[in-house]
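Trainee: What follows is a predicted protein model with its sequence.
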Amino acid sequence: LAQGFLIGETRHIPQEIYTLFRDTGTLHVLAVSGSNVGLVILFLYFALFPFPLRPVVRSTILIGAIILFGMVSYGEPSVARASLMAILIVAARLVERRVDLNQIVALTALIILLWQPAQFFDVGFQLSFATAWGIVYVMTLIEKHRQGKVRSRFYYWIVLPVVVSLVAQIFSAPLTAYYFGRVPAISILANITVVPLISVATIGTLCVLAGAFLLPILGQFLGGLLSPLMSGILSLLTWFNTFQWPMDIGDNLSPAMVLFLYAIAVIGIASIWYRPQRRILLFLLIAGANVAAATTLYGRISATATIPVAYASTIPGGVMVIIPRGTKADVVVSGSEETNYLVVERVIMPALRSRQITHIERLIIHRADAGAIEGLISLTESLLVDTILYPSYLKSAVADALQTQEGRLRSRMPALVPFGELLPSTSTEGMRISFEEVVVTIAGRKIAIAPEPLVQDRDGEGLMILSGLSLRSSAIELFHKETNA
């Protein structure tokens, strides 16, 4: 858990604890962000305070520590954003330049996109910068209207953390609802209560590491002091989870609606202090209601009877395909790599929840790394799974993962059906499995599912090919149009 708080390492966090953070809306604390970088800088600042260092030397040490911290934190978008912002702020203060946080956020985004343009479409990048800019925007307005007023301890220790947590929830909610299909209703209260404790735990973790470096027994002593705080955080989250009422959004949000919600948030917050913004807010609300009503009416009039027959999305190392039948479905995972986050929680479960799938008849693990198996098998915790088909070379990994999950299964133990890796093909109902591909027949059309593009010419078979590369880091939904025939 300390690894998750400090550097965003979640691979060793048990599934039930990860789910606890997700369901209470506090999962972001397990991803490194600006607060982590700020806490590291704060820790180093006080650690260097007793030493008479020149500002240039002190700033160089801080920048070096920020770069090192970013490297050990897997270079996630939030880490890159926070590290770059911190470096720019330290450098600006070193040369005695005025720090404009809006420009710092914009310059950081520009540098990251020049380095990796594809980051623009990454959910982590979008959430990170939307939340960071939202906090900068609101705090700038607050500070502007508090000039000349006395700032008490109550303001710094109570009001400020509550406002920052509330703003972070407001500016992350539209994207969270769009990508994950749900917004935890208890998240605001949970964040206000838990995030300060996690900040203390993060500082404590740094103290443990420093103590262990100086004297191992000192690190053990400090770790013993930190352990009750970690247990208390988990107990508090468990209590919050008993009041959990997640608001399922499904696939009802469009990109235009997300932008509209952000416009409402920006103008709505500004309208607290500015009267013209109140008129704009009222206009937007009326216009939005009219557009929503017109869209709904047009959709009912012009709707063509279609049946969703498959949903495909890229995952690290391959592709995931859901074949729904009411509340039941087959799930095919073709190629899955071990990552520092849970693919099931970020990709597969949101897609299943948004389609109201509660029962997996067949979970087909076509190709996967052994390290990714435990995450895929964790589907048995949340959903009823009848059968798991997997390559014979993953037999030990599947057995170990199921043994780990045994006490947390949603229902009965699923049937296990291994298929031979070297066999030409294995046939099951409506499906043919070989080492290269899984071929399914849906509405009379054959669809080949594979982790990478198929080399051989398949045009003669009339195949639609779904692979990780052909989807190009995106997702598609396939529909069958109903006809009288």
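Mentor: Yep, that arrived. Residues are numbered from 1 along each chain as shown.
Trainee: Name the residues of the host helix or strand of Trp239 that are buried.
Mentor: Taking DSSP states H and E as the criterion, Trp239 maps to helix 216-241. For helix 216-241, burial by neighbour count (16 or more other Cβ atoms under 10 Å) applies to Gly219, Leu222, Gly223, Leu226, Met230, Ile233, Leu236, Leu237, Phe240, Asn241. In short, each C-beta sits where N, CA and C put it, glycine included.
Trainee: what does stretch 389-400 give?
Mentor: Leu389, Tyr390, Pro391, Leu394, Ala397, Val398.
Trainee: May I ask which two of those are separated the most?
Mentor: Leu389 and Ala397 (14.1 Å; Cβ to Cβ).
Trainee: Pull the contacting residues for Val450.
Mentor: You called it Val, but residue 450 is Ala. By Cβ atoms under 8 Å, 6 or more residues apart in numbering, the contact set of Ala450 is Gly318, Val319, Ser334, Gly335, His366, Glu436, Glu437, Val438, Ile465, Leu466, Ser467.
Trainee: Retrieve the pLDDT associated with it.
Mentor: At Ala450, the model reports a pLDDT of 78.
Trainee: what about it, distance to Ile63?
Mentor: According to Cβ to Cβ, to the nearest Å, Ala450 and Ile63 sit 45 Å apart.
Trainee: One more: Ala292?
Mentor: Ala292 is 49 Å from Ile63, by Cβ to Cβ.
Trainee: Over to Ala80?
Mentor: Distance from Ala80 to Ile63, counting by Cβ to Cβ: 15 Å.
Trainee: More neighbours: which of the two?
Mentor: The neighbour comparison of Ala80 against Ile63 (other Cβ atoms under 10 Å) goes to Ala80, with 22 against 17.
Trainee: quick one: contacts for that one?
Mentor: By Cβ under 8 Å, 6+ apart, the contact list for Ala80 reads Gly70, Ile112.
Trainee: Now do the SS call for it.
Mentor: Secondary structure, DSSP: H, G, I helix; E, B strand; the rest coil: Ala80 is helix.
Trainee: Can you give me the pLDDT of it?
Mentor: For Ala80, the pLDDT comes out at 75.
Trainee: separation between it and Phe69?
Mentor: 11 Å.
Trainee: distance of the residue nearest the centre of the chain from Ser165?
Mentor: Nearest residue to the geometric centre of the chain (Cα atoms, centre = their mean): Arg346, 5.5 Å. Going from Arg346 to Ser165 by Cβ to Cβ gives 23 Å.
Trainee: Which positions within the helix or strand containing Val56 qualify as buried?
Mentor: For Val56, the element it lies in under DSSP H and E is helix 55-72. The neighbour-count check on helix 55-72 (16+ other Cβ under 10 Å) flags Arg58, Ser59, Ile61, Leu62, Ile63, Ala65, Ile66, Phe69, Gly70 as buried.
Trainee: Select, from those residues, the two members most distant in space.
Mentor: Using Cβ to Cβ, these reach their maximum pairwise distance at Arg58 and Gly70, which is 19.1 Å.
Trainee: from what I can see Ser199 touches Gly38, true?
Mentor: No - using Cβ atoms under 8 Å, Ser199 is not in contact with Gly38, being 9.1 Å away.
Trainee: Specify the local secondary structure of the spatially closest residue to Met431 that is not a sequence neighbour.
Mentor: Residue nearest to Met431 in three dimensions, not counting chain neighbours: Val440, with 5.0 Å by Cβ to Cβ, 6 or more residues apart in numbering. Here Val440 is recorded as strand under three-state DSSP.
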